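> sequence first, then the predicted structure, then my questions.
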Amino acid sequence: MALSGCSTTTGSEKIKQGINNLKSPSSLQLTLVVAILEIFLYTKQKRYQTVHSVRVQ
């Protein structure tokens, strides 16, 4: 029963798994790194867009 339940995970179960994964320190560091990377890429993209729009005008 438990194995069949694991193979077919619903959205809410996946969210629960994600919360459980966040409680472990290694994945918490990983999510922090991913968040920092996303913020860095977002600011880099924004900077490029502003430079590009200035050139167009």
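Good, I have the coordinates.
> and the lengthiest helix in the chain, what does it pack onto?
Ranked by residue count and defined by DSSP state H, the top helix of the chain is helix 25-56. Counting contacts by 3 or more C-beta pairs under 8 Å, 6 or more residues apart in numbering; DSSP states H and E, helix 25-56 packs against helix 11-23. Using the backbone N, CA and C atoms, a C-beta is placed for each residue, glycine as well.
> could I get the average pLDDT for the helix it packs on?
Mean pLDDT, helix 11-23: 74.
> for Val33, give its distance to Ile15.
The spacing between Val33 and Ile15, counted by C-beta to C-beta, to the nearest Å, is 21 Å.
> ok, Ile36 next?
23 Å.
> swap in Phe40?
Phe40 is 26 Å from Ile15, by C-beta to C-beta.
> about what we covered before: helix 11-23 and the longest helix of the chain, what's the angle between them?
Going by axes from the mean of the first three to the mean of the last three C-alpha atoms, to 10 degrees, helix 25-56 is angled at 100 degrees with respect to helix 11-23.
> residues in contact with stretch 44-54?
By C-beta atoms under 8 Å, 6 or more residues apart in numbering, no residue outside stretch 44-54 reaches it.
> show me which residues of it are buried.
Within stretch 44-54, no residue is scored as buried using 16 or more other C-beta atoms under 10 Å.
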